[in-house]
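Q: Please work out how this folds:
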Amino acid sequence: MKNYLALTTAILALTGCSLNGDHSDLRQKMAAVKHKPKGQIEPIPTFTPYSPYVYSAAALRSPFARPVLESDQRIVGRKLDVAPDLNRQPELLERFPFDALSMVGTLSRAGQLWALINDGDGGIHRITVGNHLGKNHGRVVNATPTQLDILEIVPDGTGGWIERPRALTLEEKDNQ
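A: Numbers count the residues shown, from 1 in each chain. The predicted structure follows:
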């Protein structure tokens, strides 16, 4: 019974709304909108093609890296035969800046020590003496269980190259 009463009330309410057929104001508004002049769609704007920026200071020292100390330059010094081998196939870790790399462990196999390097992007890589890393032509010259000694070849600012010693030390985490 309740369902019939609710249904009857809904039908009467809907028919009550439509009994008054005077929608003249609505019809006038629709006629006014239809008689307005039609607009034009603007053409798609033309875009100039992207021209890539060529960074010409890539071989220079990064302004965010620690400057080369004069004492380091005096110890290693400028040599006429120092220059990076630009024809050598770059290794994977040479894509990452030196400051992003960290030593996280070591492995020893058949008497050879391998260092585990975190590249900063979540990858762990195994390297040993002779491998290259960093963007400044860094080469591992000595490896111990707690440190890698790296020799980078960087521009000296006068058109030549100098060797700069760097080190990666094993990062130890506190187990607290």
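Q: Find the residue at the geometric middle of this structure.
A: In the chain, the residue lying closest to the centroid (C-alpha atoms, centre = their mean) is Asp121, at 9.1 Å.
Q: Which residue, neighbours along the chain excluded, lies closest to that one?
A: Leaving out its chain neighbours, the residue that sits closest to Asp121 by C-beta to C-beta, 6 or more residues apart in numbering is Phe96, at 7.6 Å. Where C-beta positions appear, they are placed from N, C-alpha and C, glycine not excepted.
Q: if I pick the one you found, what's in contact with it?
A: Taking C-beta atoms under 8 Å, 6 or more residues apart in numbering as the criterion, Phe96 is in contact with 119-121, 133-135.
Q: mind redoing it with 10 Å?
A: 117-121, 123, 125, 133-135 (C-beta atoms under 10 Å, 6 or more residues apart in numbering).
Q: Report the helix or strand with the lowest average pLDDT across the protein.
A: The least trusted helix or strand in the chain, going by mean pLDDT, DSSP states H and E, turns out to be helix 70-76, with a mean of 50.
Q: Can you name the next helix or strand after that one?
A: Later in the chain than helix 70-76, the nearest helix or strand by DSSP states H and E is strand 102-109.
Q: Quick one: distance of that next one to the chain centre.
A: Mean-position distance between strand 102-109 and its chain equals 26 Å (C-alpha atoms, centre = their mean, to the nearest Å).
Q: swap in stretch 96-111?
A: 22 Å.
Q: end-to-end on that stretch?
A: In terms of C-alpha to C-alpha, to the nearest Å, the two terminal residues of stretch 96-111 are separated by 28 Å.
Q: And for stretch 147-163?
A: Stretch 147-163: ends 19 Å apart by C-alpha to C-alpha.
Q: Give the buried residues for that stretch.
A: 148, 150-155, 161-163 (16 or more other C-beta atoms under 10 Å).
Q: what about it, average pLDDT?
A: Across stretch 147-163, pLDDT averages out at 85.
Q: That's all I had, so thanks and see you.
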